[in-house]
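Peer 1: Structure here, sequence nowhere to be found:
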């Protein structure tokens, strides 16, 4: 029963993530990244793994990293103007949730 519930919860979380990510303008597919762009994904992921201090997220580090992720996404955006418009409209939790979701998606893809 617990396994079925976890699967259901996981499906719900994935649906929520898809909903958040569908607003993101088109980015280069992760599998097409190479060289410094692929390395940048892995570097940002390593930084994301180190934004906690004493078990709590360091807010300043999270803000800085979120900005770096958004800058990276701009680099790989298909339509840079559309991306700038989209990014400038992010507010509140979206400023963190969406960039970190994008990073997670790209990290899984380039890590495979």
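Peer 2: Thanks, I have the structure now. These numbers were taken from a predicted model, which means no experiment stands behind them.
Peer 1: Check what pLDDT the nearest residue to residue 111 once chain neighbours are set aside gets.
Peer 2: Leaving out its chain neighbours, the residue that sits closest to residue 111 by Cβ to Cβ, 6 or more residues apart in numbering is residue 42, at 7.4 Å. Where you see a C-beta, it was placed from the backbone N, CA and C, and this is true even at glycine. Per-residue pLDDT puts residue 42 at 95.
Peer 1: Same question for residue 59.
Peer 2: Note on residue 59: pLDDT of 89.
Peer 1: In the protein, spot the helix with the most residues.
Peer 2: Assignment by DSSP state H gives helix 2-21 as the longest helix of the chain.
Peer 1: Pull the residues that contact that one.
Peer 2: 94, 97-98, 101-102, 105 (Cβ atoms under 8 Å, 6 or more residues apart in numbering).
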